[in-house]
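Q: Below are the sequence and a predicted model for it; my questions follow.
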Amino acid sequence: MIIMIKNQRIEKHIVKSSNQYFPMLMNFCNLSKNLYNHANYIVRQKFIDNGNWIRYAELNKILKNDKDYPDYSFMPTAQTAQQTLRLLDKNWKSFFKSIKDWSKNKSKYLGKPKMPKYLKKDGFYQLILTNQNCKLKKDVIVFPKVFEGFTIKPNFINRKDFVSFQQVRIIPHKNKHVIEIVYNICIANQKENNGRYIGIDIGVTNLATVCNNMKESAIIINGKPLKSINQYYNKKISHYREI
């Protein structure tokens, strides 16, 4: 029996500062930063004032209708604005998860986790376009009209296992933009399920603990020698940094 499994892959393209579209993409990433900071201010103030967390759906509604500070409407498309807000919501979710873990395991942390910070005033933030904004037409990814003819020819179209195109992430850098294209491939799993399984738990003191459901003895790989080497390495690095 052959089982087809869908897997996600990322293909990267570089847009250099000499590219005619570089300034436009930089501007869009700046707008994404503005929206992120504006939204983060609203979430932070609400949380500081009464301990409530404004989730994505409510935040999207607030900013979409904000006429005084139209950072939302300044974005290239409504969906790019929504994706920026989703990233902020994800960061806040990670913050609350860390706070919960910190309250139970303070020894794991150097201090109490802090709320998501504002991005630099003159900085930039990534821009995400889903396959509803970008369309794969024949062998080219076509961007919305506001991108003024910007297109990308992906390499994944030549893969026999290519299934579908998902999204484009524009990651800003000082002298270049990294364009990450997310797509799916289909991998055939040739092995049948025979009911025999093993589980591997990676650790530190025990580098790996291997168990199974076949009543075979568990395998434990001692991690202390490697731990000792690592501690010695850190000690030597600290010494040489001091001098």
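A: In hand now; what should we look at?
Q: what about stretch 224-243, distance to the chain center?
A: Distance of stretch 224-243 from the chain centroid (Cα atoms, centre = their mean, to the nearest Å) equals 32 Å.
Q: For it, what does the pLDDT average out to?
A: On average, the pLDDT along stretch 224-243 is 90.
Q: what's next to that stretch, contact-wise?
A: Stretch 224-243 is contacted from outside by 204-205, 207, using Cβ atoms under 8 Å, 6 or more residues apart in numbering. Where C-beta positions appear, they are placed from N, C-alpha and C, glycine not excepted.
Q: ok, now stretch 56-74?
A: 31, 34-35, 38-39, 42-43, 54, 78, 81-82, 85-86, 88-89.
Q: three-state assignment of the spatially most central residue of the chain?
A: Geometric centre of the chain, nearest residue: Leu87, 8.1 Å, by Cα atoms, centre = their mean. The three-state assignment at Leu87 reads helix, by DSSP: H, G, I helix; E, B strand; the rest coil.
Q: Thought Ala39 was touching it, still the case?
A: No. Counting by Cβ atoms under 8 Å, Leu87 stays clear of Ala39, with 9.7 Å between them.
Q: circling back to that earlier point, just the contacts of stretch 224-243: which are in strands?
A: Judged by DSSP state E, the subset of these located in strands is Leu207.
Q: List buried residues within the contacts of stretch 224-243.
A: For these, a burial check counting by 16 or more other Cβ atoms under 10 Å picks out Leu207.
Q: could the contacts of stretch 224-243 go into TSV alongside distance to Phe96 and pLDDT?
A: Below are the contacts of stretch 224-243 laid out as TSV (distance: Cβ to Cβ, whole Å; pLDDT from 0 to 100):
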residue	distance to Phe96	pLDDT
Val204	27	84
Thr205	30	87
Leu207	32	90
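Q: Out of the contacts of stretch 224-243, which is nearest to Tyr118?
A: Using Cβ to Cβ, Val204 comes nearest to Tyr118 of the contacts of stretch 224-243, at 35.3 Å.
Q: quick one: low-confidence ranges for the protein?
A: 1-4, 189-191 (pLDDT under 70).
Q: can I see the domain layout of it?
A: If you go by automatic domain parsing, the domain ranges for the chain are 3-189, 198-242.
Q: Quick check: which of those is buried the most?
A: Burial of the domains of the chain is given as mean neighbour count (mean count of other Cβ atoms under 10 Å); domain 3-189 ranks first at a mean of 15.
Q: hang on, the earlier thing: of the contacts of stretch 56-74, which is the nearest to Ile171?
A: For the contacts of stretch 56-74, the residue nearest Ile171 by Cβ to Cβ is Leu31; the value is 15.1 Å.
Q: next structured bit after the strand or helix carrying the closest one?
A: Per DSSP states H and E: Leu31 is located in helix 22-50. Note on helix 22-50: by DSSP H and E, the next helix or strand toward the C-terminus is helix 56-64.
Q: now the following helix or strand past that next one, how far from the chain's geometric center?
A: Counting by DSSP H and E, the next helix or strand C-terminal to helix 56-64 is helix 71-74. Helix 71-74 sits 23 Å away from the centroid of its parent chain (Cα atoms, centre = their mean).
Q: can you offset everything so residue one is 53?
A: Renumbered: residue one is now 53, and that last one reads helix 123-126.
Q: Which stretches in the chain count as strands?
A: Taking DSSP E to define them, one finds strands in the chain at 55-68, 179-182, 187-189, 192-194, 203-204, 214-224, 228-241, 250-254, 258-264, 271-274.
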